[in-house]
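**Student:** Model the following, please.
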Amino acid sequence: MVNSAPFPPLEVVILAAGKGTRMYSSTPKVLHAIAGQPLLGHVIAGARELGAKAIHVVIGYEGEKVQQAFSGQALNWALQQEQLGTGHAVAQALPQVDDDSMVLVLYGDVPLIRAETLRALTRRCTPDTLALLTVMSSDPTGLGRILRSPEEKVVAIVEEKDATPEQRQIRETNSGILVAPAKRLREWLGALTPQNAQGEYYLTDIIAMAATAGCAVNSVVVEDELEVLGVNNKLQLAQLERHYQARRARELLLTGVTLRDPARVDIRGQVECGRDVEIDVNVIFEGNVELEDNVSIGPNVIIRNSRIGSGTQVLANSLIEDADVQSQCSIGPYARLRPGTQLADGAKVGNFVEIKKAVIGKGSKVNHLSYIGDATVGEHVNIGAGTITCNYDGVNKFQTVIADGAFIGSNTALVAPVSIGKNATVGAGSTINQDVEAEDLSVARGRQRNIKGWKRPTKK
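**Tutor:** Next up is the predicted model:
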């Protein structure tokens, strides 16, 4: 007969009270970042993927900073005043946990644990069993060893400082991650004693308690050793950063994206790519980025919270932030699109051009050395090199409007608020502070004087 009883609700306890002495930093360890997100943020995101009923975070050192970093999120906070071990830390959160729940224990400095792994683990836990995540370590030094019975059942975990020489040869180690029925967990934690080399309340001791009480300990062995690696120093932080980026690069490659060097692309958010996308080296993606079909990204480009339309080329050393780019555009090299930029189909923004909170119309060109801010540029407009929109009087911002087909000569200053009419022309070197009507030519520059026989100064 199939058991149709509903699976007990899941609550997650994340241990994040450690100081991180070996980080040599005033920042709490769990706030150091991988892929632009705090370590603890990765763990919380994984817990949310599981659909947890509640997430409890145990804090200690600089706890206020940790709370502030995640303010506004649906989290329950528990304070561990003294660092008395992992068992003591979990016990601080249990008063907020319902007895009928399953409790998943995670660690704020173990950021790369995958939701798929945790789902497999939670499926092994029932109201009468405990589930433990273990790992076959290439170098088990410093880790708790898994002790098994002759029948290969998990019966205990022994910390390295308390292990015998024979036990230290065991390669299967404790990840620290487990799932247990809340009611039983409460009993076991209450029975912990600090009778060990560290004088702490070890969470791992509940494994032996469970086995002694006839509660089966089901294990799941994780394949990727780095998935459960904790961060204790900057070297490990860098290792996990590279491992995370390699994982993300692999995902892109398997969906058909061309990466010129998978080791030199950093993803600090979410990237969605269409077909035949090509990405060169040293590219950084931040936030939510969408690259449509046939997009080409050159080297040393940073794209943040932006959409890049199909067939668009982004050339080397360009920075794009909070922009919406349509199809068949050309950007760069050395271009900067600031927040609020919108490029219509076929628009071109060339080298050393900065666009801010402006709409560049279909087929329009801003090719060289220009600043266009707080502006609306129509279709098929040509803006010459050195043109700037003077949009700020020191207090307020003003709009510049350039209608379809206008031609703006090089080295022009457009003093906003100002409008340039359809098919109007502005002569090079002009300072324009009055509207220009459609089809008109406007020239606003000093008269040229040529002085015959002028002698250069000579050094005395």
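
**Student:** pretty sure Thr425 contacts Phe407?
**Tutor:** Yes - if you go by CB atoms under 8 Å, Thr425 and Phe407 touch, sitting 4.6 Å apart. Just so you know, the C-beta spots here come from the backbone N, C-alpha and C atoms, and that holds for glycine as well.

**Student:** which one's the longest helix in the chain?
**Tutor:** Longest helix in the chain by number of residues (criterion: DSSP state H): helix 234-254.

**Student:** care to break the protein down by domain?
**Tutor:** The chain breaks down by automatic domain parsing into domains covering 10-228, 234-442.

**Student:** how far out from the middle of the chain is the last one?
**Tutor:** Computed by CA atoms, centre = their mean, to the nearest Å, the chain-centroid distance of domain 234-442 equals 22 Å.

**Student:** If you average the pLDDT over that domain, what comes out?
**Tutor:** The average of the pLDDT scores along domain 234-442 is 98.

**Student:** Would you agree Glu225 is in contact with Val135?
**Tutor:** Yes - when contacts are counted by CB under 8 Å, Glu225 is listed as touching Val135 (5.7 Å).

**Student:** So which of those two has more stuff around it?
**Tutor:** Between Glu225 and Val135, Val135 has the larger neighbour count (other CB atoms under 10 Å), namely 24 against 15.

**Student:** Across the sheet, point out what pairs with that one.
**Tutor:** Per DSSP bridges, the residues bridged to Val135 are Thr173, Val222.

**Student:** distance of it from Phe398?
**Tutor:** Between Val135 and Phe398 the computed distance is 61 Å (CB to CB, to the nearest Å).

**Student:** Please apply the same query to Val426.
**Tutor:** Val426 is 18 Å from Phe398, where distance means CB to CB.

**Student:** dump the residue contacts of the closest residue to Arg338 other than its chain neighbours.
**Tutor:** Excluding the flanking residues, the one nearest Arg338 by CB to CB, 6 or more residues apart in numbering is Lys356, at 4.0 Å. When the contact criterion is CB atoms under 8 Å, 6 or more residues apart in numbering, the partners of Lys356 are 338-341, 371-374.

**Student:** Compare these and tell me which is most surrounded.
**Tutor:** Ile372 (28 neighbours).

**Student:** Confirm that residue sits in a strand?
**Tutor:** Yes - assigned with DSSP: H, G, I helix; E, B strand; the rest coil, Ile372 falls within a strand.

**Student:** sorry, back to before: which of Val426 and Phe398 has more residues huddled nearby?
**Tutor:** Val426 (27 against 16).

**Student:** Adding distance to Gly311, write the contacts of Lys356 out as CSV.
**Tutor:** What follows is the contacts of Lys356, written out as CSV (distance: CB to CB, whole Å):
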residue, distance to Gly311
Arg338, 23
Pro339, 24
Gly340, 23
Thr341, 18
Tyr371, 26
Ile372, 23
Gly373, 27
Asp374, 28
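
**Student:** hey, where'd the strands end up in the stretch 351-460 of the chain?
**Tutor:** Taking DSSP state E, counting those that start in this stretch, the strands of the stretch 351-460 of the chain run over residues 354-360, 365-368, 371-377, 382-383, 388-390, 400-402, 407-408, 413-415, 418-420, 425-426, 431-432, 441-442.

**Student:** The first one to strand 371-377, inter-axis angle?
**Tutor:** Right, strand 354-360. Here strand 354-360 runs at an angle of 0 degrees relative to strand 371-377 (axes from the mean of the first three to the mean of the last three CA atoms, to 10 degrees).

**Student:** what lines up beside strand 354-360 in the sheet?
**Tutor:** strand 336-337 (parallel), strand 342-343 (parallel), strand 371-377 (parallel).

**Student:** So what touches the first one?
**Tutor:** Right, the one you point to is strand 336-337. 306, 318-321, 323, 325, 331, 343, 349, 353-355.

**Student:** what's the most distant pair in these?
**Tutor:** Farthest-apart pair in the contacts of strand 336-337 is Ser306 and Val353; separation 16.2 Å (CB to CB).

**Student:** Could you check how far stretch 130-146 is from the centre of its chain?
**Tutor:** 29 Å.

**Student:** what about dumping the CA coordinates of that stretch to CSV?
**Tutor:** The C-alpha coordinates for stretch 130-146 follow below in CSV (Å, rounded to 0.1, in the frame of the first residue of the first chain):
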residue,chain,number,x,y,z
LEU,A,130,17.6,11.5,9.7
ALA,A,131,19.4,12.3,6.5
LEU,A,132,23.0,13.3,6.3
LEU,A,133,25.0,14.7,3.4
THR,A,134,28.5,13.3,3.1
VAL,A,135,31.4,13.7,0.7
MET,A,136,34.3,11.6,-0.4
SER,A,137,37.2,14.1,0.2
SER,A,138,40.5,13.9,-1.7
ASP,A,139,42.1,15.5,1.4
PRO,A,140,40.0,14.9,4.5
THR,A,141,42.4,16.8,6.8
GLY,A,142,40.5,18.8,9.4
LEU,A,143,37.1,17.2,8.6
GLY,A,144,34.8,15.0,10.6
ARG,A,145,35.0,11.4,9.5
ILE,A,146,31.9,9.2,8.9
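
**Student:** Pull out the buried positions in it.
**Tutor:** Of the residues in stretch 130-146, 130-135, 137, 140, 143-146 count as buried by neighbour count, 16 or more other CB atoms under 10 Å.
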